[in-house]
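Participant: What follows is a protein structure lacking sequence information:
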């Protein structure tokens, strides 16, 4: 209906309708702080006339006045130098049945129960059901409806803390018991250890999936989105494809197209199927994430990553191929030998996005490891280096990846533990 | 909305709050002088909070028919009951005098695309990457609570953000982020000149600034630095929900512990205020989302904690009153304690006097990368623009990082200027995340004997 209304005023238009139902259980100090439910209903319209492009979105009821104004303004906008016509190739529609949110609480209780020996727990569990529909004035139509769920639990023991996260496409696939158990194990390892300050310098680090996934998500978002390549704010240019960018141990993909990924999204805002994208293949830069316009600009095909709107492509879920390292924390600490174990991080900020100079604050337990054994809890630790050094200095990956997502991760990730050499740490 | 409140009470809720919120506006972006995007957005719907059987429930709906709203009320009450079963003690709210008021600011007229194009044209062409984003929108809210509040507000805002990156392979790379905003177009006055000046600094500092020799210095900080410091190391740790652990798994906790609220934060010269009522500011509001009238809050007076940023729930926890800090970023977000306009209170030094009075130090004008741990104790701030001070005179530009614990930073303050400036930001907190408009600032001030590393 809305497309019919605008069709005679524009050369082409696309409409997306996104409805979501979200349920969240938040808890702190071992009790519920709030149970939340929110439904969103958003209509987004893409309008193109000549090479002029505008987007309009409405949440709730469509606003005819805003639509009229957008159509009037379309003629006055500057031309979009990256404009290309829509050429949607939607996948077959797919629809899942909505999961029962009442089981969210069970997952929270199970996680807290498994965190034995800790003083208190905080966290959140979220179940989202998203329905997405696409249609355009060329007659293309598509859509999907999927569930996503994640749970984060942070456990405290005295001044120590540990966070575990589990993400899945179905509530039954969450691993709350493992999450709580992991916190208990880590806090048990750290309890009673002396506290020491970080020794600044280049250090050998064991990065948990939370930390490694966070940093690889930053790489994918900041450097591998072709929007940033086109803008010149990425470390990489088009000519860097095929060149060595990382350690040979490292192979990274965007797996938004994989049905089992928390971030699974079958199609994008341009009506294209989302494709699995090799980003780094055994250390070699293999691809960027594209929408129609960046693909045309860089002479590539879209990868269907107009995931957050029509402006710029973005990752939806990344993965790193596991290696041959140990699968358990004790074995990984033994393999680390001498260095630091960084369990979680937050507050990543850039001195410069182009050079990838960043720092991120170690959060929860960080352990000084000597001779393969934890010997001290490290107080106030940051990783301060470049994304490139992290990419190039990965020396070992654990044998089993974990699917993780929590509040401070840029992108959901399925990644193993990683050992990286000579990574800058500061207080 | 009254019917919805009554319906919630009839379902057994002890407290019901219904909020309609609409955010309507336009957005645009420029990339290296080229138009990147333009769009308009309207986000609107109803939010309902209910306290029932000891628990707190929140439900929001974008569908705005009466039946949709009543269904949201039912969900909020049901969720509150379910939450109550997982609590040791009931959620209580402080008793407050409910506000009944309507206030509105005139809309902002701005040709956004032209404004951004003009900003871009002012940037020194030697700056390799130039990106500008801007938005102009109006937030309209009506809040009705079961204890008598009825508040209708309409506040426009403008926000502009830019990223400038100087990049020359032989010299390295330097990035400066710039932003401006407020509740009227006047808040952008002078920003074009500021952007022009900062872009020249990107080029100049990339050429001239050298790493500062590591060591301890007396640091003189500009109003921009005062702003980020008060926001990160006083404002956030003074959020009472955080102190009591509610944000423990996400935004973190605080160095202020529930058992010792009246902590000493800094020297007697340190006074910090959060005030949402300052006209024109980006963090402006007169009544919060719980219907409590806003006022200035003295978070720190003469170096000691005096008041915390709180909503009604956490005011009840400490047996006090709310100071109207409950904010929600959108209709589908729960109101939680937030900062507004947070600043270091000016003292009586002239800024140039502070520099003249410093024998060996560094004058830090602006920052790049920064972060702090989740209890807000250990901060690290990278210098974008900074100069050595020798015998009271500014010398060569330097790069470096301040590494300071919060009580060291504020405890060593011995001079506070009489100048004053505020800067805008978007403050993040909550799950699901909520970015709310804030400002932060203060005067030039000095803190002695702080660690600087290259």
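Facilitator: Yes, it's here. Owing to the predicted nature of the structure, the values given are computational and were not obtained by experimental measurement. Numbers count the residues shown, from 1 in each chain, chains lettered A, B, ... in the order given.
Participant: Next, count neighbours for the closest residue to residue A:333 other than its chain neighbours.
Facilitator: Taking CB to CB, 6 or more residues apart in numbering or on different chains, and ignoring the residues beside it in sequence, residue A:333 has residue A:369 as its nearest neighbour in space, at 5.4 Å. All C-beta spots, glycine's among them, are computed from the backbone N, C-alpha and C. Residues near residue A:369, counting by other CB atoms under 10 Å in any protein chain shown, number 23.
Participant: Distance check, residue A:369 against residue A:377.
Facilitator: When distance is defined by CB to CB, to the nearest Å, residue A:369 is 11 Å away from residue A:377.
Participant: which helices and strands sit right next to the one helix or strand residue B:28 maps to?
Facilitator: Here residue B:28 sits within strand B:15-31, counting by DSSP states H and E. Of the remaining helices and strands, those touching strand B:15-31 by 3 or more CB pairs under 8 Å, 6 or more residues apart in numbering or on different chains; DSSP states H and E are helix B:2-10, strand B:34-52, helix B:66-84, helix B:112-122, strand B:129-145.
Participant: And the average pLDDT for the last one is what?
Facilitator: Taken as a whole, strand B:129-145 has a mean pLDDT of 97.
Participant: what packs against that strand?
Facilitator: The contact analysis (3+ CB pairs under 8 Å, 6+ apart) places strand B:129-145 against helix B:2-10, strand B:15-31, helix B:112-122, strand B:150-168.
Participant: how about 6 Å then?
Facilitator: Taking 3 or more CB pairs under 6 Å, 6 or more residues apart in numbering or on different chains; DSSP states H and E as the contact definition, the neighbouring helices and strands of strand B:129-145 are strand B:15-31, helix B:112-122, strand B:150-168.
Participant: Kindly report the same for the shortest one.
Facilitator: With contacts defined as 3+ CB pairs under 6 Å, 6+ apart, helix B:2-10 has these neighbours: strand B:15-31, helix B:66-84.
Participant: now these as CSV including mean pLDDT?
Facilitator: Shown next, in CSV, are the helices and strands packed on helix B:2-10 (pLDDT from 0 to 100):
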stretch, mean pLDDT
strand B:15-31, 96
helix B:66-84, 97
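Participant: thinking again about what came up before, nearest approach to residue A:82 belongs to which of the helices and strands packed on strand B:15-31?
Facilitator: Closest of the helices and strands packed on strand B:15-31 to residue A:82 is strand B:34-52, at 8.2 Å (criterion: CB to CB).
Participant: and the angle for the closest one with helix B:66-84?
Facilitator: Direction vectors for strand B:34-52 and helix B:66-84, defined by axes from the mean of the first three to the mean of the last three CA atoms, to 10 degrees, enclose an angle of 60 degrees.
Participant: Which strands border strand B:34-52, and is each parallel or antiparallel?
Facilitator: The strands that strand B:34-52 pairs with in its sheet are strand A:52-59 (parallel), strand B:15-31 (antiparallel), strand B:55-61 (antiparallel) (by DSSP bridges).
Participant: Let me know which of these is tucked in deepest.
Facilitator: strand B:55-61 (a mean of 27; mean count of other CB atoms under 10 Å in any protein chain shown).
Participant: what's the angle from that one to helix B:2-10?
Facilitator: For strand B:55-61 and helix B:2-10, the angle between their directions (the same axes, to 10 degrees) works out to 150 degrees.
Participant: Any idea how far strand B:55-61 is from the middle of the chain?
Facilitator: 25 Å (CA atoms, centre = their mean, to the nearest Å).
Participant: cool, and stretch A:171-179?
Facilitator: Centroid displacement of stretch A:171-179 relative to its chain, using CA atoms, centre = their mean, is 19 Å.
Participant: Does it reach chain B?
Facilitator: No. For stretch A:171-179 and chain B, the contact criterion (CB under 6 Å from any CB of the partner chain) is not met; the two come no nearer than 11.5 Å.
Participant: since we're on the residue lying closest to residue A:126 once chain neighbours are set aside, how many residues are nearby?
Facilitator: By the measure of CB to CB, 6+ apart, the closest residue to residue A:126 outside its immediate chain neighbours is residue A:24, 4.7 Å from it. Neighbour count for residue A:24, taken as other CB under 10 Å: 21.
Participant: To residue B:399, which of the helices and strands packed on strand B:129-145 lies closest?
Facilitator: Judged by CB to CB, the one of the helices and strands packed on strand B:129-145 that comes nearest to residue B:399 is strand B:150-168, at 13.1 Å.
Participant: On the strand side of things, show who the residue nearest to residue A:333 bridges to.
Facilitator: For residue A:369, the beta-bridge partners are residue A:339, residue A:374 (DSSP bridges).
Participant: Relative to residue A:206, how far out is it?
Facilitator: 7 Å.
Participant: between those two, what contacts are shared?
Facilitator: Jointly contacting residue A:369 and residue A:206 under the rule CB atoms under 6 Å, 6 or more residues apart in numbering or on different chains are A:336, A:341.
Participant: Any regions of the chain where pLDDT drops low?
Facilitator: All of this is about chain A. Filtered on pLDDT under 70, chain A yields the residue ranges A:60-61.
Participant: Chain B was what I was after
Facilitator: Per-residue confidence of chain B (counting by pLDDT under 70) places no residue in a weak region.
Participant: could you pull out the helices for it?
Facilitator: Under the criterion DSSP state H, chain B carries helices at the ranges B:2-10, B:66-84, B:112-122, B:191-208, B:223-230, B:240-243, B:312-317, B:351-356, B:406-411.
Participant: mind checking which of those helices is nearest residue B:444?
Facilitator: Shortest separation from residue B:444 across those is recorded for helix B:351-356, at 3.9 Å, computed as CB to CB.
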